[in-house]
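Q: Sequence and predicted structure below; questions after.
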Amino acid sequence: MITVRQLLRGKGHDVWHIAPDASVYDALKLMAIKEIGSLLVLEGEELVGIISERDYARKVVLKEKTTVDTPVKEIMTQEVISLRPEQTIQECMALMTDKRIRHLPVLENDRLVGIISIGDVVKAIISQQEFMIEQLERYIDGG
């Protein structure tokens, strides 16, 4: 089974983040530039929240707030669910499905070391299954 640590080794440990006092506009702009759907919210090195496109749609657009005047801390999700590097991608998928979330920060000894998206997990599972199928076909063919 593939672990979160192995997945991060392949995809990298880059984490895009923003400060809680930054504007929602700045957060959206950074997400657009980086082509990502969420940003971790850090105060110094401490993870204090996560902001996603879903937060924006539900807490700014539908409540008729402005993106320029609204700080990230007003709409971010404060209760951030996270993973440990030794957890498996199957555990990631189960957690994401159960909690209906698409991004999970990875913490090791309370230190942020990466982030995993649903796309990362699906890609890894497909890759793992393709490898297994290839191995089974070789076995069946006698190779």
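A: All right, it came through fine.

Q: would you list every one of the strands in the protein?
A: Secondary structure of the chain by DSSP state E: the strands cover 17-18, 38-43, 46-52, 103-108, 111-117.

Q: could the ones you listed go into CSV alongside distance to Val72, mean neighbour count and mean pLDDT?
A: The way it works is simple: take the backbone N, C-alpha and C, and place the C-beta from them, glycine included. Listed next are those as CSV, based on distance: least, Cβ to Cβ, whole Å; neighbours: other Cβ atoms under 10 Å; pLDDT from 0 to 100:
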stretch, distance to Val72, mean neighbour count, mean pLDDT
strand 17-18, 6, 20, 98
strand 38-43, 6, 20, 96
strand 46-52, 5, 19, 96
strand 103-108, 15, 20, 96
strand 111-117, 16, 19, 94
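
Q: could the ones you listed go into CSV alongside distance to Leu30?
A: Shown next, in CSV, are these (distance: least, Cβ to Cβ, whole Å):
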stretch, distance to Leu30
strand 17-18, 6
strand 38-43, 6
strand 46-52, 10
strand 103-108, 14
strand 111-117, 14
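
Q: Out of those, which is closest to Glu130?
A: Glu130 lies closest to strand 111-117 among the strands of the chain, at 19.7 Å (Cβ to Cβ).
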